[in-house]
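Asker: with the sequence up front, the predicted model follows.
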Amino acid sequence: MVGMANAASLQQLALSDALQAQTKQVEMFADAQKHQAERWKILREVQTKIFEIQQEVTINQAKVQDKMFNKWSDYIRS
């Protein structure tokens, strides 16, 4: 009888350990998803900022070229 009680106790401990491991695994998976979402958010923000900078550079280059063309045109006309 003692052997059966001991076996049942060991089985209950094993089940408890398995449930704790499963709970920990679910927590780790949720954390991994959260971190992945944060990485995607950062990536989108960085890509948006890069695009904005590229647009600003392109606009500034066009403005400088227009300005230089106007100066050259004024020089030729005068």
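Answerer: Alright, I've got the coordinates.

Asker: and Gln61, what are its phi and psi?
Answerer: Note on Gln61: its backbone torsions stand at phi -60, psi -40 [degrees, to the nearest 10].

Asker: neighbours around it, how many?
Answerer: A total of 10 residues lie near Gln61 under the criterion other C-beta atoms under 10 Å. For every residue, glycine as well, the C-beta is placed using N, CA and C.

Asker: quick one: low-confidence parts of the chain?
Answerer: For the chain, applying pLDDT under 70 flags the ranges 1-2.

Asker: how close does Ile59 sit to Arg39?
Answerer: From Ile59 over to Arg39 the distance is 31 Å, taken as C-beta to C-beta, to the nearest Å.

Asker: how many neighbours does Gln36 have?
Answerer: Gln36 - counted by other C-beta under 10 Å - has 10 other residues nearby.

Asker: next up, the contacts around it.
Answerer: If you count contacts by C-beta atoms under 8 Å, 6 or more residues apart in numbering, Gln36 has none.

Asker: sec struct for it, please.
Answerer: Here Gln36 is recorded as helix under DSSP: H, G, I helix; E, B strand; the rest coil.

Asker: quick one: contacts for Ala7?
Answerer: Applying C-beta under 8 Å, 6+ apart, no residues qualify as near Ala7.

Asker: so where do the helices sit in this protein?
Answerer: Per DSSP state H, the chain carries helices over the ranges 2-77.
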